[in-house]
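A.B. asks: Sequence first, then the predicted structure, then my questions.
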Amino acid sequence: MSKIVPDQKNWTFVLDSVCPECKYDVRAVTPGDVIAQLLDGVERYVAVLSRPEARVRTKASRWSDQEYVTHVARMLVIMNDRLDLMLAHDEPTFPNWDQDQAAEAGNYNALEPEEVAAQLRSAASKYADKLGSIDEDSYSRRGLRSNGSSFTVETLNQYAWHDFVHHLWDLDSHAN
């Protein structure tokens, strides 16, 4: 399998403007909005795993469909961990997470589709539960990404939701 060409964009711009690619605007998205929509989105991801070429990278700048689904599952785990840090500590710095390196190290295409589906469903359920447990007074708690980007609980959720929605767009608009 060829190495993926890393995405070098700083995607935090989606917190200030509409994404020019997927056209999604997360600026008004609340944790309640995500909770209400998350599980339906998960099933859209799970359906992608049954595509005949789900484990094939069609070009160097694009993961396989299964890698996208696995990435989203892993991203939800990472965001859940980051929310935990923000709720337990004042302005924590998050451990670095290189998504491309994680995809390579995790050999996402070697996983069985059923395992990927189970991972995504579990991660989404835990993420929704976490969001549901956060009091609105905590939405302004802050945390820092390793590159210095600052998030609140609310904007971290918006950032994660954009990733979730954007990758559905990737999968729909670039279907094999």
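C.D. replies: Here it is on my side, so go on. Not measured: the values here are computed from a predicted model.
A.B. asks: Packing partners of the longest helix anywhere in the chain?
C.D. replies: Determined from DSSP state H, the single longest helix within the chain is helix 65-88. Contact here means 3 or more Cβ pairs under 8 Å, 6 or more residues apart in numbering; DSSP states H and E; on that basis helix 65-88 packs against helix 31-48, helix 99-106, helix 113-133, strand 142-144, helix 153-173. (Glycine included, C-beta is placed from N, CA and C.)
A.B. asks: These: which one's closest to residue 70?
C.D. replies: helix 113-133 (5.2 Å; Cβ to Cβ).
A.B. asks: who does that closest one touch, helix- and strand-wise?
C.D. replies: helix 31-48, helix 65-88.
A.B. asks: Just the C-alpha atoms of stretch 152-164, please, in PDB.
C.D. replies: In PDB, the C-alpha atoms belonging to stretch 152-164 read as follows (Å, rounded to 0.1, in the frame of the first residue of the first chain):
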ATOM      1  CA  THR A 152     -13.300  25.600  24.000                       C
ATOM      2  CA  VAL A 153     -15.400  22.600  24.700                       C
ATOM      3  CA  GLU A 154     -18.000  24.100  22.300                       C
ATOM      4  CA  THR A 155     -15.500  24.800  19.500                       C
ATOM      5  CA  LEU A 156     -13.700  21.400  19.900                       C
ATOM      6  CA  ASN A 157     -17.100  19.800  19.400                       C
ATOM      7  CA  GLN A 158     -17.700  22.000  16.300                       C
ATOM      8  CA  TYR A 159     -14.300  21.100  14.900                       C
ATOM      9  CA  ALA A 160     -14.900  17.400  15.500                       C
ATOM     10  CA  TRP A 161     -18.400  17.600  13.900                       C
ATOM     11  CA  HIS A 162     -17.000  19.300  10.800                       C
ATOM     12  CA  ASP A 163     -14.500  16.400  10.500                       C
ATOM     13  CA  PHE A 164     -17.400  13.900  10.800                       C
END
